[in-house]
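Trainee: I'll drop the sequence and a predicted model, then ask my questions.
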Amino acid sequence: MSNSTASGRFPLKVSEPLIRIVASEVFVLAAAAAITASPWFALILAADFALRSLVNPAWSPLRLIAKEAVLSFAKAGDRAVFYSPKRFAALIGFSLSLLALIGSTFGSAALATGGAGILALFSFLEAAFGFCAGCKIYGFLMRQGIIPTEWCPECVNL
């Protein structure tokens with residue numbers, strides 16, 4: 001969305017419709033991971049979340065698919081939202097997908113299904129209703145003084 005960056009490779013703002021389409025892709029993969037306990041779905045999710053939260057969100061395969069294959073056909077209004085809370089949410093997604101990957105790799109169905117199931121729920125809420133659980137936690141942590149408000153002054157009200 002915006003070319004201006006908050007910290008080098010991370011954008012200041014991103015397209016909300018794009019975020020919601022990526023959340024739909026995450027939901028499908030997370031639901032498949034929860035149902036099958038396959039490490040492959042969890043590995044794809046963990047790698048994508050790592051790219052979006054730790055490396056460079058422009059390199060995310062799910063983002064690229066959403067942007068090129070889906071968003072170009074959807075004529076939804078493009079609304080920009082701050083990336084800081086979305087990056088925080090992606091870190092939560094990375095943690096949950098990593099739990100699912102560890103669980104499915106080492107035979108813990110509860111860990112695999114639990115991590116992927118929570119991720120599926122969170123991504124469904126984002127995709128269907130625009131409700132970002134990670135963003136709400138981010139706003140709460142800002143109000144508690146744990147996350148500096150200068151990282152996203154508008155996020156304090158999340």
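Mentor: Looks like it arrived, so ask away. Numbering: from 1, shown residues only.
Trainee: what about residue 148, how many residues close to it?
Mentor: Applying other CB atoms under 10 Å, we find 9 residues neighbouring residue 148. Where C-beta positions appear, they are placed from N, C-alpha and C, glycine not excepted.
Trainee: Let me see the contact set for it.
Mentor: Residues in contact with residue 148 (CB atoms under 8 Å, 6 or more residues apart in numbering) are residue 142.
Trainee: From residue 141, how far off is it?
Mentor: Noted for residue 148: a distance of 10 Å to residue 141, by CB to CB, to the nearest Å.
Trainee: which helices and strands does the host helix or strand of residue 142 pack with?
Mentor: Per DSSP states H and E, residue 142 falls inside helix 133-143. With contacts taken as 3 or more CB pairs under 8 Å, 6 or more residues apart in numbering; DSSP states H and E, helix 133-143 sits against helix 83-105, helix 109-129.
Trainee: most packed of those helices?
Mentor: Across those, averaging neighbours per residue (mean count of other CB atoms under 10 Å) puts helix 83-105 on top, at a mean of 22.
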